[in-house]
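> Any chance you could fold what I've pasted below:
(chains A and B)
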Amino acid sequence: EAGVAQSPRYKIIEKRQSVAFWCNPISGHATLYWYQQILGQGPKLLIQFQNNGVVDDSQLPKDRFSAERLKGVDSTLKIQPAKLEDSAVYLCASSFSGRTNEQFFGPGTRLTVL
Amino acid sequence: GDSVTQMEGPVTLSEEAFLTINCTYTATGYPSLFWYVQYPGEGLQLLLKATKADDKGSNKGFEATYRKETTSFHLEKGSVQVSDSAVYFCARFSGGYNKLIFGAGTRLAVHP
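Here you go, the predicted model:
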């Protein structure tokens, strides 16, 4: 079974530029999550989708971050404009459903903002 | 709000030593508890979990027991190997849709 795919694996941008990350969850998984992992900290949930609807985006900085999940499958996370403090690893995870099921994580995208 | 606190690292051990990584959680309800592991250059993997009080999760020689009375979920292994070197994260479910709340992570380095 293929795992959660993410691209790109690494991205370096200047502050105030825009960047987008892509995630393809495990086939059949209804729930998709984006986490931000700052160096030395645990992952923090940014947004959670159930199929193509948002069920939790309480910690998403909506002035600069946006996310969508097309047709309840792939998802993109965008930052516009980026700030230095956005440097982090962005992790995508998926689960069969939001309740009680194990979350499977992708390898992450490491973003460096200069 | 819901939170998880785990011991700071790094933890440095010799091969075959006993490992304990402490984890405590805020006692909001009776959440499912997890240990995730992140090997160098890889994504997070679920190591073990426990869904109710007194449950013991185990995998690959690691164990953790859900202790409601002390709100703890400490990770233990009787004899660590070099290949166990990684960052370990304690986590709990939170909220109606069960988002994961993670601790800050504990880096383990095992030397031959």
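
> is the helix or strand hosting A:Val89 anywhere near chain B?
If you go by DSSP states H and E, A:Val89 is part of strand A:88-95. Yes - Strand A:88-95 comes into contact with chain B (C-beta under 8 Å from any C-beta of the partner chain), by way of A:Leu91, A:Ala93. The C-beta positions use only the backbone N, C-alpha and C, and glycine is treated the same way.

> What strands line up against the helix or strand following that strand, and which way round?
Moving toward the C-terminus from strand A:88-95, the next helix or strand (DSSP H and E) is strand A:104-105. Sheet pairing of strand A:104-105 (DSSP bridges) gives strand A:88-95 (antiparallel).

> Could you report the pLDDT at A:Gly40?
Looking at A:Gly40, its pLDDT reads 87.

> Enumerate the residues of chain B near chain A.
Residues of chain B lying near chain A (C-beta under 8 Å from any C-beta): B:4, B:32, B:36, B:42-46, B:49, B:51, B:89, B:91, B:93, B:95, B:97-105.

> do that again at 10 Å, thanks
B:4, B:6, B:9, B:32, B:34, B:36, B:38, B:41-46, B:49, B:51, B:87, B:89-91, B:93-105, B:107 (C-beta under 10 Å from any C-beta of the partner chain).

> Quick one: buried ones out of the residues you listed?
B:4, B:6, B:9, B:32, B:34, B:36, B:38, B:43-44, B:46, B:49, B:87, B:89-91, B:93-95, B:97-105 (16 or more other C-beta atoms under 10 Å in any protein chain shown).

> Run through the residues that contact whichever residue of chain B sits closest to chain A.
Chain A sits closest to B:Phe102 of chain B, with a gap of 3.1 Å, by C-beta to the nearest C-beta. Neighbouring residues of B:Phe102 by C-beta atoms under 10 Å, 6 or more residues apart in numbering or on different chains: A:35, A:37, A:41-45, B:3-4, B:6, B:34, B:36, B:44, B:89-92.

> what residue is smack in the middle of chain A?
A:Trp34 (3.0 Å; C-alpha atoms, centre = their mean).

> All the strands of chain B, residue numbers only.
B:4-6, B:11-14, B:19-21, B:23-25, B:33-38, B:44-50, B:56-59, B:62-65, B:75-77, B:86-94, B:99-102, B:106-111 (DSSP state E).

> and B:Asp54, how many neighbours does it have?
By the criterion of other C-beta atoms under 10 Å in any protein chain shown, B:Asp54 has 10 neighbours.

> any idea how far it is from B:Tyr30?
From B:Asp54 across to B:Tyr30, the span is 11 Å (C-beta to C-beta, to the nearest Å).

> and what of B:Tyr97?
17 Å.

> same deal with B:Thr5?
18 Å.

> Between these two, tell me which one has more neighbours.
Neighbour tally, B:Thr5 and B:Tyr30, criterion other C-beta under 10 Å: the higher count belongs to B:Thr5, 15 against 12.

> Not counting its neighbours along the chain, what's nearest that one?
Nearest non-adjacent residue to B:Thr5, counting by C-beta to C-beta, 6 or more residues apart in numbering or on different chains: B:Thr24, 5.1 Å away.

> rewinding a little: give me the common contacts of B:Asp54 and B:Tyr30.
Common neighbours of B:Asp54 and B:Tyr30 (C-beta under 10 Å, 6+ apart) are B:Tyr66, B:Lys68.

> which ones are touching the residue nearest to the centre of chain A?
A:21, A:23, A:43-49, A:57, A:60, A:65, A:67, A:69, A:75-77, A:90-93.
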